[in-house]
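[1] Model the structure of this input:
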Amino acid sequence: MAFDLSSKTPRQPSDWTEIWHLWTVIVPRRSINGQLAYGKVWRRHDGRDWIYKKFTEYDGEAAA
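    Reported below is the predicted structural model:
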C-alpha cells in the first residue's frame, strides 16, 4: 500500500506497477572491444524503486 504524502491517505498502487516490461538498457561505459554495452532486461516498478531481472531469449527451434 502506498501513501500520498500530500493528503496522508492510503491509495492503491497503479496497475502498471505490477507488470514486467521488456526494456533495452545501454550501459554508459565501453566494453573490451570499445563498443557500448547494452542488453535487454525485464523491468517493473514496485511503487518506490525499479526492479530488474535478467532477460534470456527463448529459441523455439533449439527446444524442438
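[2] Okay, and the beta partners of residue 24?
    Using DSSP bridges, the beta-bridge partners of residue 24 come out as residue 40.
[3] I misspoke; the intended subject was residue 44.
    residue 51.
[4] My guess is it contacts residue 23. True?
    No - taking Cβ atoms under 8 Å as the definition, residue 44 is not a contact partner of residue 23, at 9.6 Å. Where C-beta positions appear, they are placed from N, C-alpha and C, glycine not excepted.
[5] ok, now which ones touch residue 28?
    Contacts for residue 28 (Cβ atoms under 8 Å, 6 or more residues apart in numbering) come out as residue 36.
[6] Would you check how far apart it and residue 39 are?
    13 Å (Cβ to Cβ, to the nearest Å).
[7] Just say helix, strand or coil for residue 61.
    When classified by DSSP: H, G, I helix; E, B strand; the rest coil, residue 61 comes out as helix.
[8] Flag the shaky bits of the protein, pLDDT-wise.
    1-17, 60, 62-64 (pLDDT under 70).
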